[in-house]
Each structure stands twice: as structure tokens, then as C-alpha cells.
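# With the input below, show me the fold.
(one chain, ligands or ions: 1)
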Amino acid sequence: MSDLSYDEWADAVHEGRLLGLACSCGHTNGSPTAACPHCGSRDLERVDLPTEGVVHTETTIQVPPETFETRGYQVVVIEVGDARVMGRVEEPSVEIGDEVTLTGTIAEDDDRPAPVFEAR
Ligand SMILES: [Zn+2]
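Sure, this is the predicted structure:
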């Protein structure tokens, strides 16, 4: 059984922590999931992920949804330890391979928090 709910993950992000789920196959998921996306196992263990990582991919959203006031923010996938976490980067922007650290959260339009990273 997965022992990480979405709310627990979100609460941890608000506290400046990143939680993931480690599978016995070696895959670590950077967000709550019912089953390992790699092997399908549901026997996942909650782990603390590092809050510093490296930019794996990034894309800049030039035309955000109506509810967002800022333009040109980046959506990034950060490698933290063995896992990957999706988040946001505010100015200045980052490039693939840049080292970043978790600095806070931003509310998505559905009020869910997204981790915010900053170059270090
Ligand atoms: Zn697995």
C-alpha cells in the first residue's frame, strides 16, 4: 500500500519538505501515486527527498491560464535524489543542468501547491 496521500504531500511542500515514494524495484516517485509507474508494485515506502536538485527539463509558459497574473513562468522537472519533481521557477529563469533549491510554493489555480525552485 502507498502510504502517502496527496494532502500529506501538499502539507509537506508547504513546510519546505519534499516527500516521495520509494519502490523495491529502485524507482522513487516524486509525487503521490497508488502504484509504482515503473513496475506497478503497490508496496511503496514514504521517503524524504532532498530539497536541492538539478533541472531535468524546463518549459516556459508564455500564455498562462486566465487565473494566473504572471506571464513567462517556467514549469520545470527537477531531479532530486532518485526522484523527479515537477515545480515552478520564477525569475531569473533556469536551464537544463542548473542546480536549484526548493524555496517555497505557489498555489495552482485549483489551490494545490506547486513547489517553487530557485537557482543556487
Ligand atoms: Zn517499482
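# Name the residues that touch stretch 89-98?
54-58, 60, 70, 73-74, 76, 100, 106, 116-119 (C-beta atoms under 8 Å, 6 or more residues apart in numbering). Where you see a C-beta, it was placed from the backbone N, CA and C, and this is true even at glycine.
# swap the cut-off to 10 Å and go again
53-58, 60, 70, 72-78, 100, 103-104, 106, 116-120 (C-beta atoms under 10 Å, 6 or more residues apart in numbering).
# I'd like the average pLDDT over stretch 93-104.
Taken as a whole, stretch 93-104 has an average pLDDT of 95.
# ranges for the strands of the protein?
18-23, 28-29, 44-49, 52-61, 73-80, 83-89, 99-107, 113-119 (DSSP state E).
# The ion contacts on this protein?
Contact residues (C-beta under 5 Å from the ion) of the chain with the ion: 23, 25, 27, 36, 38-39, 41.
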